[in-house]
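Visitor: Could you work out the structure for the sequence below:
(one chain, ligands or ions: 1)
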Amino acid sequence: MKDITILRTAEQVGNLVNRWRQAGMRIGFVPTMGALHQGHLSLVSQALGEADRIIVSIFVNPTQFGQGEDLESYPNTFDEDLMKLEEAGAHCVFFPSVAEIYPDGFSTSVHVSGLTETLCGKYRPEHFDGVATVCAVLFGIVRPDIAVFGRKDAQQLAVIRRMVDDLRLGVLVLAGEIIREPDGLAMSSRNSYLSSEQRKQAAVVCIGLSRAAELVSEGERDAVRICDAVREVIAEAPLATIQYLELVDPDTMKPVEKLNTPGLLAVAVYFGQTRLIDNVILKP
Ligand code: AMP
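Guide: Below you'll find the model as predicted:
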């Protein structure tokens with residue numbers, strides 16, 4: 001195993017990044033909340049293909065959790081995470097405290113309007129302000145050349161891209177494909193909350209999305225009919241409750257009625273208290 005540097009302060013990260021930059025290296029960045037799985041590690045490998053030095057942050061960002069959400073119970077597997085990151089070839093883990101990211105007097109919030117109003121934004125009204133703000137802070141600390149985000153959180157990816165463009169942050173944002181379990185369930189740190197019966201039934205989410213792709217390949221273009229077919233598949237799992245299922249434009253997140261250009265079919269499903277999200281790009 002290689003050495004991985006663990007840093008806890010912004011100043012330490014700044015010093016390390018300055019040294020790397022002086023040596024002419026490109027810096028890649030992968031922000032995470034820890035409890036790492038193959039989905040996160042695939043982003044690290046993608047970053048390694050594009051940059052010389054990779055920093056991964058592990059920070060459970062309190063400002064992106066709403067009241068009654070799982071901030072307190074969010075899984076923490078720090079020691080395993082370190083081993084996985086070392087194995088994956090990451091060079092540095094930034095593991096800041098909450099006070100390091102939000103020191104006394106912190107007063108800024110980044111709000112990306114428009115594309116935060118649908119899908120998850122509708123049900124988690126402060127979530128994307130928290131995400132955009134923490135990513136702006138982390139980008140300021142790390143000053144990466146590139147940052148990699150997973151398509152699993154498609155709305156988050158669109159929000160970050162919009163923010164980086166609007167604020168001219170000069171970070172190249174790359175998207176990583178969704179990594180799935182053998183039965184199709186999108187990997188997520190939150191999958192560990194599922195009971196064994198919920199876990200078994202959770203495969204319907206991906207099966208439903210695949211059904212949509214199949215319908216589109218057969219010529220279906222109507223959003224209502226596509227969504228109805230997916231609902232039917234998901235309804236086969238008695239433990240599943242759909243929060244939203246919508247076909248939207250992948251850049252603006254605005255609802256689409258007819259699929260004339262690629263559309264994002266995004267879904268949030270509850271299994272008990274556990275909320276899972278997934279999506280697929282449908283190409284006409
Ligand atoms: P999180 O730790 O959940 O905040 O996720 C950190 C990053 O990993 C985000 O960019 C996510 O989109 C990405 N990610 C999470 N799950 C997956 C997955 N199954 N496949 C690809 N990327 C993922």
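
Visitor: any weak-confidence spans in the stretch 1-150 of the chain?
Guide: Along the stretch 1-150 of the chain, segments meeting pLDDT under 70 span 1-2.

Visitor: and stretch 10-24, how far out from the chain's middle?
Guide: Counting by Cα atoms, centre = their mean, to the nearest Å, stretch 10-24 is centred 26 Å from the centre of its parent chain.

Visitor: check contacts around the residue minimising distance to the centre of the chain.
Guide: Note on the chain: the residue nearest the mean C-alpha position is D153, at 3.8 Å, using Cα atoms, centre = their mean. Contacts for D153 were tallied using Cβ atoms under 8 Å, 6 or more residues apart in numbering; they are I277. Yep, even glycine has a C-beta here, placed from its N, CA and C like the rest.

Visitor: cool, G130 as well?
Guide: 61-65.

Visitor: ok, now Q243?
Guide: Q243 makes contact with 123, 268-270, 275, according to Cβ under 8 Å, 6+ apart.

Visitor: Looking at those, state which has the most neighbours.
Guide: Among these, V269 has the most neighbours (other Cβ atoms under 10 Å), with 23 neighbours.

Visitor: Up against the ligand, what does the stretch 1-150 of the chain have?
Guide: 32-33, 39-40, 42-43, 149-150 (Cβ under 6 Å from any ligand atom).

Visitor: would you turn the residues you listed into a markdown table with neighbour count and secondary structure?
Guide: What follows is those, written out as a markdown table (neighbours: other Cβ atoms under 10 Å; DSSP: H, G, I helix; E, B strand; the rest coil):
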| residue | neighbour count | secondary structure |
| --- | --- | --- |
| T32 | 22 | strand |
| M33 | 18 | coil |
| G39 | 20 | helix |
| H40 | 27 | helix |
| S42 | 19 | helix |
| L43 | 27 | helix |
| F149 | 22 | strand |
| G150 | 23 | strand |
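
Visitor: Many thanks, we can stop here.
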